[in-house]
Every structure is written in structure tokens, then in C-alpha cells.
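1. can't give you the sequence, but here's the structure:
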């Protein structure tokens, strides 16, 4: 039922992220900014690449051509699907698809930690808190008061810094405006990217940068064939990169 | 005290020998309890699961024991609803095994989730579209039904029945048992199915995703059928095993025949439908996602042999064996066939849980491996220890096999 | 989950799902409550003893459920399904009406007295001239429990129910119960030496249709003797009375003490 609702009527606002792979240097500033903004604790000393809590991962894709060539770095936050496989499987509605913004939100205080959503998500953008969050002494004062700290044993993920959207709405409503100023709502990763590889905006606005970029021939989405309808687009001028990253992983023997 | 608890006319080993038998299983349980304590106190970082391999040994265990425990509901259904009277000889044992399997699964599930104290949230904020919601609701209810079905066995214990009214309550419960058998069948139908649906609905995973019939993927129906098919085989297997360990004749040979026939017939239907489902999947999966099914089997060790083993070697072959009168006449072969049937479903659950997660998904993912930590393994084995303990105690002090007394006198 | 809950969703899927869940829950709880309430009511009505009898009848091995007309050879292989209550049995009524001459039966070395009616719980009943009945323990049971068995008789004035406990016996560690063939009030207690154990004033006219007499009883004892041989041979691992001869007079001293509990449990009802 959720499925039909999501795919038949698209939200009024469609907050969208476009990642320009040609510009990404793999510096990881997006992930750091994300962790600071969203109160993601420093990794436990025993955490591995597969057990740490990360909302914005930067992965290394294989070389762009058979002969070698430059490495492609692929930043992967939650893909904010319009037809999210995770929402349907959560037994207790701890994941919500906001029909006004298209943002898939996680409610960690309601999460049971069953990890079914992690199994359902083909992008592996969800993290389970295998350890209790711990900040070194003094570092608590750097915590963002707009974002709650999550406990051990729950699943969390990127929500396009939805607290910034709320702040922008509050500002707009205080000024007596119905709509927010797009400049007021920019996720931390986009703000932090030194090479300006990340574009963010409302794709429902046909004239917005993200609407234009996401529709041109150089943009594609990960695992588009699965029909999940991600709102994170990737673009590259290299057709080999586009072809390689559009595929489904299992097809590589 | 012990000998007055043993049912009249039943012969059991001496108390010291019985206690000695319990020791290793109790040790296994104790180790598992310690592992569970670590998981609660330190966290699930004690396991080898991770963000990528988010389900592991425990979910596999849940799926497997619930399939094998299906003997409880299916024997109850055959006995009370279809009036297959000869199955009265194994119903008590089937109920105990069902209770062990389901309570073990629910117990492990409570360790597996990160915040077990929030389990009630599923009831309070249910997402009825989630297969896991269906599983949670049905499993909770069915475990209560199994406890109610277990109660008469305890009430009939030689000492318990001396409590005024105990036997009267047992009598009244027995009279309404058909209601519980019916409810148990309904609940089992849905949770066996929704356990299958758990994977069949995964739109993001072309290996697990299946065509839907109505609101349910085909795995929903295949899980029900496969569980109903191996349930009787597992009852046969455990009854034989208990007979061997206790050196007693517990049921007449006709009971094994009936169980084998039912198991074989259902297994045959299952294998045929599983074959058809696989063909549909092979021919339609790539149309939707562009993924050739052959690529799912290009990642060793999961070759096409897995599918062959599941459908033919441990599906068609045991079905044919169980349906052959010549095989059924020889207990050794019969037990082998029942074991193969159970192994087929155990493999199916393994494939659904592990292969689904191991296959790469993103274009730059690689095939993933996972091996459980000692804590996961210990908790897994604790379920086995718990099961043998509870079954041994039930076997000693409750009358699990109504025919045992008469068979013993026949000599 | 409940209407009024902050995020209760009213849509067909949720209503159907939660409706079915509620229905199943109510059925489970309701059925359980029904069983508990009817059990309490049955206890209050004094039906506990009769239920116990039915339960134990159900647990009897098939061979011990032989119909009385199977014993006499009239309906070979017929098994009783009514807990030996012949009163409502149509087959019994028909066969009695046909009144075929009974084939001759081997008495099996037990005393079967012409003036006694026998119950399969091993009690006998004798109708006295004053309208009362006397109850006692039949020959086989007497020999099984032995002379030293301690008797536990109900007091004068206590009520007996048909198939409810009449009296209890204790032989060594084994305790057994003998059920009453009649409903009524105890008016006198006797002893083994007096030739009866209880004198009972029956409620209303005496109905003895469920009890065995004459050659039926003799055939019953023959069967019981065979069953006892099987039990004894299972206990010793060697066949007793391989020649099929008569049993010794004092069976109780012939059974080893460690087997007595089991043998008595097999042949008589547990207290």
C-alpha cells in the first residue's frame, strides 16, 4: 500500500542530491561534516569498515577503464528513494517517508534494532549502532543540540539534515513566508564539499540546478533497474564510469 | 521423589544416569547463557554480524527451527481437524518439539534485536505491510497456543494430577483442543508464510525477490508447504532418535508409515511448485532488473549445485523415497529419507538467509563472507542444549508416547 | 494498535490485520477461560471422579477395553468406547434382547460367584435382600494386593459415585484405588474377614446393566490373567506360567517387591 502511494504521487517538494563524480576527490570532508552535524560519535576502537556508524560513506569504485585510469570515488548517503524498500519492511514504523519532501526519515527512538531495513536496502547506507556512543571528555560540548543522540542497538542513516529544513521552515514562518528560502536549507555534506561536487535542491522546481543536472544525459542513479527511485543522482562525463556504476553488482562474476 | 513422577507402567533409567545425561546439555546451555549475557551487557558487537551482513546465524536458526517445529501444528491439524487418529501416538512429542523450537526461536530473536525491551512497539505501532510484523504477531500468539497445548501433558503427570482439579482441567482442555489446533494451524500458516515473505518482498534484492500472488510473494506459499512437508519428517526423525537413545519402542511402525507418506506427498507437491517457481524466476527476474539469474550462481561457493541440491538431491529424491513402500518397510532407509527431507529445507533456509546477503549488490561491492563469532555459535548451541534438556525432562516425567506402555508389555 | 493511539492508522489493511489478530486473541483467551470455568464447575458439581474414570479408561491399552460381548465371544474384537457404561449402549441392549446362548468360557482359575456382579475396576457387587448392596474386591485383585494390604475404607455416611473411588488399598509402596460400581451412601463398613468391604444404600432403583456376571465375568478374568502374565513376563524378562496353568494363590508374595508398584499400576488404577 505504501508502495503504490509513493510511486503514483510524487511529493510536492523533491529534495535531491546530485553528486558530480568528476569533481569528487575522495577527501571525505562530506562524511566528517555529516558526523559533526548529526552527532555521530567517534568510531569505537574495535569498529571496522563494516561495523562503524557512517551516514555518508565515500567508496572507491574500480578504475574507470580496463587499462587502469583514475579511481572514481563515490559518496553514498541514504539514496532517499521515492519507492523505499526499507519503509515497507520496518515492523513498527520507525522509518517514515515524508510525502511533502520525499525525505525518508529514521526514528531511532522507535527502532527495535531488528536490522530488517538494512537487509532490504540495496545501497547499504544504513548503520546499526554496534557500540554505545561515546565521546572523549570535553567533546560533548561540540554536540549539535538540534539532533538527538542515538543509543546502542538501533539503526540510523542520513536524512538530508532534516533539522536544517525545520530550522529553515521556522525562519520562513517567523518572517511570514509560506515557502523556505532554498539557500537556508543545505545539508552539511554539501556545505562542506571543498570541490563543489555536491549539488542539493528541490527537483520539484523545474528550474533548479538539481532538476536540470539530474535530467541531462550525464546523470544516472545507482541500481536504477530495481525501481527504488533514488533522489541521489550521480553524474560523470566518462561514459565508461556511467556504464560501470549503473550496473547491478551481482553481474560482475 | 523422582520415581513417583515417572508415569505408571513406564520404565526409565535411574536418576543418577539421567542427571549424568543432562550434564553436557546443561553445560551447553550455560555457555550460551553467558554468551547471551555478553550480548546484552556489552552489545551486539559481540557478534560477527555487521552493517552489510545484518542477519546471520541467528536468523538462519530461527527460520530453520520454525520450519522443523512445524510438525507440531501440522500433526495437530491432521489429528484434530482431519481426524488421523493414528497420529495420537506422536502428538504429545510433536507439541513438545514445537514448543522447544518456537520458544528457542523467540528467545534467540530477543537477543538478536538491538533493543529487545522495545519489542512491544511492534504491537503498539504495527506496520501491517511488513512481513516481520506478521511474524511477530503470529509467533507470539502461537507460542501461547503451544504453551496451552503443553499444559495438559504437565497436568497428567502422575503427581500433578493428584492436585484437585488438575485432571478435570486437563479433560476440559482436551475437549477444546480442536479449537487450539485450528488456531494453531491458522497462525502457523501465516507465520511460516511470512517468514518466507521476509525475503520474497525484498524489492532491492533480485536474488530474493519473487513474483507476488495477491499481496504475498511466492516464497510465502513455498515456506508454508515446505514446513508442512518436513514437519512430519522431523517428528519421525526425533521419535526414532528418542527411541534409539532410550532403547525403547515408542510408537508402532504404522505411525512411521503414516508420517512418511504425508511428508513424502507434501514434499513432492513442494518440489514441483518450487521447480515451477524457480523456472518463472529464472525467466522473469532479468526482465525486470536486467540481472541474469546465472549471475547469482557465479559467486562460489554458491553455484547452481545449490539449486540442484535443494530441488533434486534433497527434494525430489527424499520425496520419492518416502513415497516408496519398499523404502518405508526398512526403518534405516526411512530415517535416511526423512533426514534428507529435513536437510533440504534446512538448505533452503540457509540459501534464503545467507546467499541473499552474501551476493554483491552495488556495482563496486564484492561477494561477502561472514562467519559467526563464538558468542553467536554458543547461543545457537544453547538452543540445542535447552531443547534436549526440556525434551529429556518431558520424556522422563510426562507421558509423551501413549503407545509406549502397551508396546512395552507386548515385549 | 488501539484506536486513540497517537499514530493509529485507519485503512483497510490495518483494520483487517488488527481485526483478525483481535479475533484470534479473543478466541484463544475465550477458549482457555471456557476450559478453566467448566473445569471449576465440574469440580464443584462433584464430577471430578467420573472424569478421572473416563480419562483413565481412555488411557487403557486397547486390549483392556474389550467389550463384554467380546469376552463372551459374541462380538469378537469389539472394543468399548463408553468407559464400560453399558446403560446407553445400543449394541448391548440388542444383544441382551437377542439373548443368544453364551459359548462356554474358561474361568482361568479364579472364583466367579453366581450371586455377584463384577465391575472392571476389580470390585464386585452383591444385591442383599434388604435392598442394600455389598461391595468387595474380586479374587484376582485380592490375590494381587495380598493379605497384608492396608485397607482405606470410607466412613459410614459418605457418598459413593458410580466409577468414583470406593476404597483404596496400600500394598508396600503401591497405592491403588478401586472404583465403585454403584452410586449411593455407605451404611456399613466391613473387612476382608467379614466377606464384604462396604455396604451401600443405592440411590433409587439399582441399575446393574454395566456390570459383568457369570461367564462374562469368567471370560474377563481369563483376559486379565493373560494380561497379568504379559506384565509379569515384561518385568522378569522370562515368561511366567509358560504352560498356561493356573496362577498361584498368593500372587502378591510371588511378585518381587521392586516390580509390585509397576505390576499393580498396570492391573489396577492408581490411587
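-> Nice, thanks for sending it over. Quick caveat: nothing in here was measured; it's all calculated off a predicted structure.
2. Please list all residues in contact with the closest residue to residue C:74 other than its chain neighbours.
-> Distance criterion CB to CB, 6 or more residues apart in numbering or on different chains; nearest residue to residue C:74, sequence neighbours excluded, is residue C:95 at 5.9 Å. To be clear about C-beta, it is placed using only N, CA and C from the backbone, and glycine gets the same treatment. By CB atoms under 8 Å, 6 or more residues apart in numbering or on different chains, the residues touching residue C:95 are C:69, C:74-75.
3. Tell me where the model's unsure across the chain.
-> No chain was given, so I picked chain A. Flagging of chain A using pLDDT under 70 yields the residue ranges A:1-11, A:63-69, A:252-253.
4. meant chain B, my bad for not saying
-> For chain B, the ranges with pLDDT under 70 are B:1, B:410-411.
5. Can you name the residue of it nearest chain A?
-> In chain B, no residue comes nearer to chain A than residue B:114, which is 2.2 Å away by CB to the nearest CB.
6. How many neighbouring residues does that residue have?
-> Each residue near residue B:114 was counted by other CB atoms under 10 Å in any protein chain shown, and the total is 21.
7. again with the one 10 residues further on
-> By the measure other CB under 10 Å, the count of residues near residue B:124 is 16.
8. Return the residues in contact with the closest residue in space to it that isn't next to it in sequence.
-> Closest residue to residue B:124 apart from its sequence neighbours, by CB to CB, 6+ apart: residue C:1 at 5.3 Å. Applying CB under 8 Å, 6+ apart to residue C:1 gives the contacts B:123-126, C:8, C:18.
9. Same question for residue B:397.
-> B:5-7, B:157.
10. which stretches of the chain form strands?
-> This is for chain A. Under the criterion DSSP state E, chain A contains strands at A:15-20, A:57-61, A:72-76, A:95-97, A:104-106, A:127-128, A:155-156, A:198-202, A:219-220, A:232-235.
11. my bad, the chain I had in mind was chain C
-> C:117-118, C:123-127, C:133-137, C:150-152, C:159-160, C:165-171, C:174-179, C:184-191, C:196-202, C:269-270.
12. Export those as JSON lines, with columns for mean neighbour count, distance to residue B:33 and mean pLDDT.
-> As requested, the strands of chain C are arranged in JSON lines below (neighbours: other CB atoms under 10 Å in any protein chain shown; distance: least, CB to CB, whole Å; pLDDT from 0 to 100):
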{"stretch": "strand C:117-118", "mean neighbour count": "24", "distance to residue B:33": "58", "mean pLDDT": "88"}
{"stretch": "strand C:123-127", "mean neighbour count": "21", "distance to residue B:33": "53", "mean pLDDT": "89"}
{"stretch": "strand C:133-137", "mean neighbour count": "23", "distance to residue B:33": "54", "mean pLDDT": "90"}
{"stretch": "strand C:150-152", "mean neighbour count": "13", "distance to residue B:33": "47", "mean pLDDT": "87"}
{"stretch": "strand C:159-160", "mean neighbour count": "19", "distance to residue B:33": "53", "mean pLDDT": "89"}
{"stretch": "strand C:165-171", "mean neighbour count": "21", "distance to residue B:33": "44", "mean pLDDT": "86"}
{"stretch": "strand C:174-179", "mean neighbour count": "22", "distance to residue B:33": "40", "mean pLDDT": "85"}
{"stretch": "strand C:184-191", "mean neighbour count": "16", "distance to residue B:33": "56", "mean pLDDT": "89"}
{"stretch": "strand C:196-202", "mean neighbour count": "21", "distance to residue B:33": "56", "mean pLDDT": "90"}
{"stretch": "strand C:269-270", "mean neighbour count": "18", "distance to residue B:33": "38", "mean pLDDT": "78"}
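13. For those, could you give me a markdown table that also reports distance to residue B:346?
-> Below are these laid out as a markdown table (distance: least, CB to CB, whole Å):
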| stretch | distance to residue B:346 |
| --- | --- |
| strand C:117-118 | 57 |
| strand C:123-127 | 56 |
| strand C:133-137 | 57 |
| strand C:150-152 | 56 |
| strand C:159-160 | 58 |
| strand C:165-171 | 51 |
| strand C:174-179 | 47 |
| strand C:184-191 | 62 |
| strand C:196-202 | 61 |
| strand C:269-270 | 43 |
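14. closest one to chain B among the ones you listed?
-> Short answer: strand C:269-270, nearest of the strands of chain C by CB to the nearest CB, at 5.6 Å.
15. What residues does the nearest residue to residue C:208 once chain neighbours are set aside make contact with?
-> Leaving aside its sequence neighbours, residue C:208 sits nearest to residue C:117 (CB to CB, 6+ apart; 5.2 Å). Residue C:117 makes contact with C:124-127, C:181, C:208, C:211-213, C:217 under the criterion CB under 8 Å, 6+ apart.
16. Reformat the strands of chain A as CSV; add distance to chain B.
-> Output for those, formatted as CSV (distance: least, CB to the nearest CB, whole Å):
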stretch, distance to chain B
strand A:15-20, 14
strand A:57-61, 4
strand A:72-76, 7
strand A:95-97, 9
strand A:104-106, 13
strand A:127-128, 5
strand A:155-156, 8
strand A:198-202, 19
strand A:219-220, 11
strand A:232-235, 11
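17. so which of these gets nearest residue B:360?
-> Evaluated over the strands of chain A, closeness to residue B:360 peaks at strand A:57-61, with 12.4 Å, by CB to CB.
18. Tell me which other helices or strands that closest one touches.
-> helix A:29-37, strand A:72-76, helix A:239-246 (3 or more CB pairs under 8 Å, 6 or more residues apart in numbering or on different chains; DSSP states H and E).
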